[in-house]
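# Quick check, what structure comes out for this input:
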Amino acid sequence: MKPQFKMREVALAIAAITTVVTVAPTASAADKASTKAAGTYVTGDFHNHSTCSDGTLSLKKLVDKSVNTWKLDWFVQADHGGSSARNCTLAEDPFEPVAPALGLTNSASGPWQATPPVTYPGGGQPATALKGPNQSWESTLPNGRADIKGDGTATPKAMWRWQEIKEYQYKVIETLGRDAKKPVWIGLEQNNPGHEHTSTVVLKGQAPWPSTSTTGNANLQAQYEYCFDRSDSDTSRGAENQWDCSVTGSSNNTLINPLSAKIAPTDNLSGTNTAKYPNMGHLKSVEGIKWMNEKAPTTSYFVPAHLERAGIYNPTGSNGFNIEHLRNFNNAGPKIAFGFESMPGHGAESTRGSYTTNAVGGPKLAASGTACLAKAATGGSLRVRITTTAALSVLTSAKPRQTSTLASTPMTTSWYARGRET
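Coordinates of the predicted model:
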């Protein structure tokens, strides 16, 4: 008999977020999956990358493989914040990049041919081939460099992620989801100020399938990236958007730089932790959750990824997350920051998930990481509920819904997470 797993926080959030934008208000993500019963898990992916950040596939290939080949029920496309010179909206042509691990001949310069000897550059065609999603924005947009907004002097000029999301990626994602008749929307793997990475979404404004709205947009998602990603040092306020990153009533609005309208001093445009500005980045990350809670309280999520990979929290750098930071996040947005993304094995190792001693802290931490409580491999993804040993060192027991010694309000210590991390 196939086991049935009841929905926990992330699954419930996905269902709730999808419900907000459906035509029928009582429908959920589970109802949209063609043969899945409501109240049981549906498979999806919210952590992945295209050539608009550090991935190797185009948007089209990434979504097609996920929802059509791997049959995922929902999909969130989530590149890193910051900027990229590559135009990920261009499709692969004429071949699909293939991982070198498949044993096919790898050629960085071609020829790329279908007849023996078959050659496949593992990272896709180079931009010099004038084909595929490794070509630059500057060389492929109608007006070239003039179409790329915001700060930047490099050649080719990189496009800030906020512009990619708002003006180019969103409509591609919306169209692909509607063509596949599955909920597909755009998110962000945020480069957290003061920390490493977090999977985020601000869905308000987006109109994924089954919506037929012609006014869907990712304006708020784009603004969130501009305001709160530490790799976004643009000061243009989103060019014609003239965004304001303040949070109504927040005492931290006094830290906002009038030039960029975000928490980013002139000598720290990332707004992250530095020796001069200790803990500023963490404070800015918390402000981002407050901003989500104000702008899209029921259609946002903030799920930290690989919490231990960069080591323990560093007040003067951008390293890992400590348990008290999860408490800060949850306090700022209880329905937005409700868990984290992880996997069985050692979470502090660079590749994550092993059971060796080759990790931050060495042998004494070899048994740390996560404890797998339940899993089910489906459609290429692994569903797990996990509990971190970091949490166990602070919380009174390993049961879900514990009371932290750091605060009197309950905090979930068992969450739903994907089993694959990139």
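# Tell me how far the residue nearest to residue 307 when sequence neighbours are not counted lies from residue 222.
Closest residue in space to residue 307, ignoring its immediate chain neighbours: residue 321 at 4.4 Å, by C-beta to C-beta, 6 or more residues apart in numbering. Glycine gets a C-beta too; all of them are placed from N, C-alpha and C. Separation of residue 321 from residue 222 (C-beta to C-beta, to the nearest Å): 25 Å.
# quick one on the thing from earlier: thought the residue nearest to residue 307 was touching residue 197?
No - contact criterion C-beta atoms under 8 Å: residue 321 and residue 197 do not qualify, at 9.9 Å.
# higher neighbour count, those two?
residue 321 (29 against 24; other C-beta atoms under 10 Å).
# Show the contacting residues for that one.
Taking C-beta atoms under 8 Å, 6 or more residues apart in numbering, we find residue 321 in contact with 195-196, 304, 307-308, 313, 340.
# what's around residue 259, how many residues?
Applying other C-beta under 10 Å, I find that residue 259 has 12 neighbouring residues.
# Need the pLDDT of the nearest residue to it once chain neighbours are set aside.
Nearest in space to residue 259, with sequence neighbours left out and distances taken as C-beta to C-beta, 6+ apart, is residue 235 at 5.1 Å. Per-residue pLDDT puts residue 235 at 98.
# Residue 42 too?
Model confidence at residue 42 (pLDDT) stands at 85.
# Same question for residue 293.
Per the predicted model, pLDDT is 98 at residue 293.
# Could you verify that it is part of a helix?
Yes - applying DSSP: H, G, I helix; E, B strand; the rest coil, one finds residue 293 inside a helix.
# Quick check: the gap between the spatially closest residue to it that is not a sequence neighbour and residue 288.
Distances taken as C-beta to C-beta, 6+ apart place residue 333 nearest to residue 293, at 4.4 Å, with adjacent residues excluded. Relative to residue 288, residue 333 is positioned 9 Å away (C-beta to C-beta).
# same question, residue 206
18 Å.
# one step back: residue 78: which of the contacts of residue 321 is nearest?
residue 304 (13.4 Å; C-beta to C-beta).
# Mind listing the residues bridging to the closest one?
residue 198 (DSSP bridges).
# contacting residues around it?
192, 195, 197-199, 321, 326, 329, 340-341.
# Okay, and which of these map to strands?
Among these, the members falling in strands (DSSP state E) are 197-199.
# Just put those residues in TSV and tack on pLDDT.
Below are these laid out as TSV (pLDDT from 0 to 100):
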residue	pLDDT
197	96
198	97
199	96
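# Return the closest of those residues with respect to residue 218.
So of the ones in strands among the contacts of residue 304, ranked by how close each gets to residue 218 (C-beta to C-beta), first place is residue 199, at 15.6 Å.
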